[in-house]
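[1] only the shape, not the letters, is given here:
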């Protein structure tokens, strides 16, 4: 079904086929999870080119795919050559290396073919999830929720951000995650004003803010959650700002509806923050698609005109970052657009303002 939908798109763009180099897109189309390989999709054929390290794996993971092994004394281009003569082939411009591009370009010139750049062809298919994909994302979200339940009581004064990040990764794996969705973010105190703070050797201190942003992976599908909370008592300004960000996040979630664009949802959150003079401190998009990769097409950006459709999955994560005040706040959930056209929240961990005991 996925291949047929892709072939339809290729036909609309008058392409004979597509050179699929992106690892996630290869997996989506044929099931192969190896780190190296090329999938060639044409009108009537589906061929996966791998070297001998991956032949057996490819045979086990795929069905209806011709496996073409690259000889030890050969290379991808020479192995590919007999199958691309005279073809007009698309390539994935957003993820291909220059070296690979020039190799493909030379090959197609030699065999009387053409190379045409494409963008988001497969990603536009990945954007709409099947029920099985949604269940996998839900399980990834549940693992993240359970991890937070375990982690928060473990936080102690004097623990470094890096120690806490490592503990999150470890506990998430114990609960069934295949690994961290990305480099786990733990920021405390003034470092919460950094939108993408790397966990550092800074010690977590009593009566300061903590931001945790991480995700889990289940059957290849990702979750992504951010929670910000007080480690003991914090200032009234922090609590007030938190409520303003939470209002923006909840309103954006409630605004999701069929017929609206993703850009409208982003703008809704910004308009709420603007009422409190905070919009200028919201320095990133409202969210991103989530699925077989953590950050995937499409983005919930201010000018994104893509309409909302059923079974889309994406994050909603407004944040404000106030270096002059010494703190930042972000709240993030994963959602799926359900059959009614509304946002169903997948990450269920508490997001009402809370403080945790810093005297344990």
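    Nice, I can see it. What you see is a predicted model, and the numbers here were worked out from it, not measured in a lab.
[2] show me where pLDDT drops low in this structure?
    Under the criterion pLDDT under 70, the flagged ranges of the chain are 360.
[3] what do you get if the cut-off is 90, keeping everything else the same?
    Under the criterion of pLDDT under 90, the regions of the chain flagged as low confidence span 1, 73-74, 196, 259, 357-360.
[4] domain-wise, how is it divided?
    According to the TED database, the chain comprises the domains 1-125, 128-356.
[5] just the terminal-to-terminal distance for the shortest one.
    Just to be clear, that refers to domain 1-125. Between the start and the finish of domain 1-125 there is a gap of 11 Å, counting by Cα to Cα, to the nearest Å.
[6] any idea how far that domain is from the chain center?
    Computed by Cα atoms, centre = their mean, to the nearest Å, the chain-centroid distance of domain 1-125 equals 23 Å.
[7] turn the domains of the chain into a markdown table, including mean neighbour count.
    C-beta: built from backbone N, CA, C; applies to glycine. Output for those, formatted as a markdown table (neighbours: other Cβ atoms under 10 Å):
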| stretch | mean neighbour count |
| --- | --- |
| domain 1-125 | 16 |
| domain 128-356 | 19 |
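[8] ok, which stretches of the stretch 51-200 of the chain are strands?
    Secondary structure of the stretch 51-200 of the chain, counting by DSSP state E, counting those that start in this stretch: strands at 66-70, 88-92, 114-118, 185-188.
[9] could I get those as TSV with distance to residue 197?
    Formatted as TSV, the entries for those read as follows, by distance: least, Cβ to Cβ, whole Å:
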stretch	distance to residue 197
strand 66-70	42
strand 88-92	31
strand 114-118	35
strand 185-188	4
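[10] go through those and name the closest to residue 147.
    Closest of these to residue 147 is strand 185-188, at 12.6 Å (criterion: Cβ to Cβ).
[11] can you list contacts of the closest one?
    161-162, 164-165, 168, 194, 196-199, 202, 204-205, 208-214, 226, 231, 328 (Cβ atoms under 8 Å, 6 or more residues apart in numbering).
[12] check which helices and strands the next helix or strand after that strand sits against.
    The C-terminal neighbour of strand 185-188 among helices and strands, as given by DSSP states H and E, is strand 208-214. Under the contact criterion of 3 or more Cβ pairs under 8 Å, 6 or more residues apart in numbering; DSSP states H and E, the helices and strands touching strand 208-214 comprise helix 131-151, helix 161-174, strand 185-188, strand 225-231, strand 327-330.
[13] quick check: bridge partners of the closest residue in space to residue 118 that isn't next to it in sequence?
    On the basis of Cβ to Cβ, 6 or more residues apart in numbering, the spatially nearest residue to residue 118 that is not a chain neighbour turns out to be residue 90, at 4.0 Å. Taking DSSP bridges, one finds residue 18, residue 116 as the beta-bridge partners of residue 90.
[14] what's residue 90 in contact with, if anything?
    With contacts defined as Cβ under 8 Å, 6+ apart, the neighbours of residue 90 are 10, 13, 15, 17, 18, 19, 116, 117, 118, 121.
[15] turn the residues you listed into JSON lines, including distance to residue 155.
    Conversion of the contacts of residue 90 to JSON lines gives the following (distance: Cβ to Cβ, whole Å):
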{"residue": "10", "distance to residue 155": "51"}
{"residue": "13", "distance to residue 155": "52"}
{"residue": "15", "distance to residue 155": "53"}
{"residue": "17", "distance to residue 155": "53"}
{"residue": "18", "distance to residue 155": "48"}
{"residue": "19", "distance to residue 155": "48"}
{"residue": "116", "distance to residue 155": "52"}
{"residue": "117", "distance to residue 155": "48"}
{"residue": "118", "distance to residue 155": "46"}
{"residue": "121", "distance to residue 155": "44"}
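[16] out of those residues, who's nearest residue 145?
    Of all the contacts of residue 90, residue 145 sits closest to residue 121, with 33.8 Å by Cβ to Cβ.
[17] do I have it right that the closest one meets residue 8?
    No - between residue 121 and residue 8 there is no contact under Cβ atoms under 8 Å: 10.6 Å.
[18] coming back round to it: tell me which of the helices and strands packed on strand 208-214 sits nearest to residue 80.
    That would be helix 131-151 among the helices and strands packed on strand 208-214, by Cβ to Cβ, at 30.4 Å.
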